[in-house]
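>>> Quick one: sequence and predicted model below, then my questions.
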There are 2 protein chains.
Amino acid sequence: MTLADTAYDSLRRDIMRGHLPPGQPLRLEALRSRYDMGFSPLREALNRLQSERLVVSASMKGFIVAPLSLPEMWEAIEARVLVETEALRLSILRGDDVWEAGIVAALHALGRAAARGEPEALEARHAEFHLSLIAACGSGWLLDFARKLSAATERYRAPVLAGDTAPRDVQGEHAALAEAALARRADEAPALLAVHYRRTGERIAARMAA
Amino acid sequence: MTLADTAYDSLRRDIMRGHLPPGQPLRLEALRSRYDMGFSPLREALNRLQSERLVVSASMKGFIVAPLSLPEMWEAIEARVLVETEALRLSILRGDDVWEAGIVAALHALGRAAARGEPEALEARHAEFHLSLIAACGSGWLLDFARKLSAATERYRAPVLAGDTAPRDVQGEHAALAEAALARRADEAPALLAVHYRRTGERIAARMAA
DNA sequence: CACAAGAAAATTTTCGAAAATTTATGTTTA
DNA sequence: TAAACATAAATTTTCGAAAATTTTCTTGTG
């Protein structure tokens, strides 16, 4: 792995977890000392992150962490619903034993991570579970879009998840989702997925208003 | 505009037009003399193009122009159908006078370019027409995906378009599409768009087989 | 005092050399 | 001859200084 790849991973994680807050200018000299590398790999990483809308840049004025807003959250969620419902439908049509096993394994790992309560790992297992559902869709483009939208929406989820008290059986939703997918219910599973994402959006919107 | 932006535009155009053929290694020294600039802006451009799947790279082995294949063409076309039919549906629901005027203008310009027969301009007007249809969808993500998929599919269209003799009233299809959109027929217009893209795919597939 | 003009500082962008890595070439050995 | 190994060449990646640009500060002017 090159330094540029490391820079990409580090910056991406720090932005998704909110450690680099929305709107913050990303000064090259500051990044250089923070990540301990030269300009080149950092700039290459920033250019990649720009294509994923995690950072924005203006010509000759450098990069900033992409800002957050409720309208943009809904944009990302609705795009995600469109892409992932179709990818899930395709996966249900095309998925084989390996696909099924991947879902079972990811659901199990997600449950364990949730029980342990470590947010670091939980976040990763959650993304992996949702990816496992659509892994058999057969379209690199859809998987690509899903990955980017997952990162974009995670930025809204992470800060809210911490202080969330209202009761919601998230693991139950995940289990129902997995069951519908494994039972090849090509209409029900995508519908559940859409509800799942939109419900999360409403939860976030409610807390951001307060 | 920075040099990196220029490099991005130049490389993107040369790849889309096939002037840099699929699979060709993109050696930095060669690009440096071709585009007359240093390593940095070129590498930044290549990193952006990688996110758009126009180039692929392996760690420490540099970049190559992304290869073409019939399965990947269909992947791109089907993803494009998914994204643009939804974006068109949304535009029909939300579009205002400016959106309508944009379609009329783009269709007119496309017709003129087609009559003149200059492939350079025709390609640009064609992309602009399809963009104008979905311009009012209100989702930056969908517009972004559409732009990338348009570039990906254009790579297949361009080389075939040259020697295409079989009769097809493309301008008629475009006019029908514009009319259905302007008449706010939210079911018919997306259906026409899907047929339009898939028909192009079949045309290309037929010629690539031969 | 508000505002423009100019200088200084901070920052981004670009360059080409140096370091790291891969690929090609040649040599030895079984 | 074929495989293993060393060596050389080619290439990518990274670095830090130099150039270009923007931002901030200072000064002068109406």
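That came through fine.

>>> Specify the angle between the strand or helix carrying A:Ala87 and helix B:70-94 in degrees.
Element membership for A:Ala87, per DSSP states H and E: helix A:70-94. Per axes from the mean of the first three to the mean of the last three CA atoms, to 10 degrees, the angle that helix A:70-94 makes with helix B:70-94 is 140 degrees.

>>> can you tell me if helix A:70-94 touches chain B.
Yes - counting by CB under 8 Å from any CB of the partner chain, chain B is contacted by helix A:70-94 at A:Glu72, A:Glu75, A:Ala76, A:Glu78, A:Ala79, A:Leu82, A:Val83, A:Glu86. Where C-beta positions appear, they are placed from N, C-alpha and C, glycine not excepted.

>>> Spatially nearest residue to the residue lying farthest from the centre of chain A, not counting backbone neighbours?
The C-alpha centroid of chain A is most remote from A:Met60, which lies 29.9 Å away (CA atoms, centre = their mean). Distance criterion CB to CB, 6 or more residues apart in numbering or on different chains; nearest residue to A:Met60, sequence neighbours excluded, is B:Thr2 at 6.5 Å.

>>> Quick one: residues contacting that neighbour.
For B:Thr2, the contacting residues are A:Ser59, A:Met60, B:Pro41, by CB atoms under 8 Å, 6 or more residues apart in numbering or on different chains.

>>> Could you dump the residues of helix A:70-94 next to chain B into JSON lines and include pLDDT and neighbour count?
Formatted as JSON lines, the residues of helix A:70-94 next to chain B follow (pLDDT from 0 to 100; neighbours: other CB atoms under 10 Å in any protein chain shown):
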{"residue": "A:Glu72", "pLDDT": "97", "neighbour count": "18"}
{"residue": "A:Glu75", "pLDDT": "98", "neighbour count": "19"}
{"residue": "A:Ala76", "pLDDT": "98", "neighbour count": "25"}
{"residue": "A:Glu78", "pLDDT": "98", "neighbour count": "21"}
{"residue": "A:Ala79", "pLDDT": "98", "neighbour count": "25"}
{"residue": "A:Leu82", "pLDDT": "98", "neighbour count": "24"}
{"residue": "A:Val83", "pLDDT": "98", "neighbour count": "29"}
{"residue": "A:Glu86", "pLDDT": "98", "neighbour count": "22"}
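
>>> Pick the one among these closest to chain B.
Nearest to chain B among these is A:Ala79, at 4.0 Å by CB to the nearest CB.

>>> What distance do you get for that closest one to B:Leu133?
18 Å (CB to CB, to the nearest Å).

>>> Also A:Ile134?
28 Å.

>>> got it, and A:Asp187?
A:Asp187 is 29 Å from B:Leu133, by CB to CB.

>>> So if I had to pick from those two, which one is more boxed in?
B:Leu133 (29 against 10; other CB atoms under 10 Å in any protein chain shown).

>>> How about the contacts made by that one?
Applying CB under 8 Å, 6+ apart, the residues near B:Leu133 are B:Glu84, B:Leu88, B:Ser91, B:Ile103, B:Leu177, B:Ala178, B:Ala181, B:Ala189, B:Leu193.

>>> any chance you could read off phi and psi for the residue nearest to A:Met60?
phi -80, psi 170 (degrees, to the nearest 10).

>>> The one helix or strand A:Glu120 maps to: which residues count as buried?
Per DSSP H and E, A:Glu120 falls inside helix A:119-134. Buried residues in helix A:119-134, counting neighbours by 16 or more other CB atoms under 10 Å in any protein chain shown, are found at A:Leu122, A:Glu123, A:Arg125, A:His126, A:Ala127, A:Glu128, A:Phe129, A:His130, A:Leu131, A:Ser132, A:Leu133, A:Ile134.
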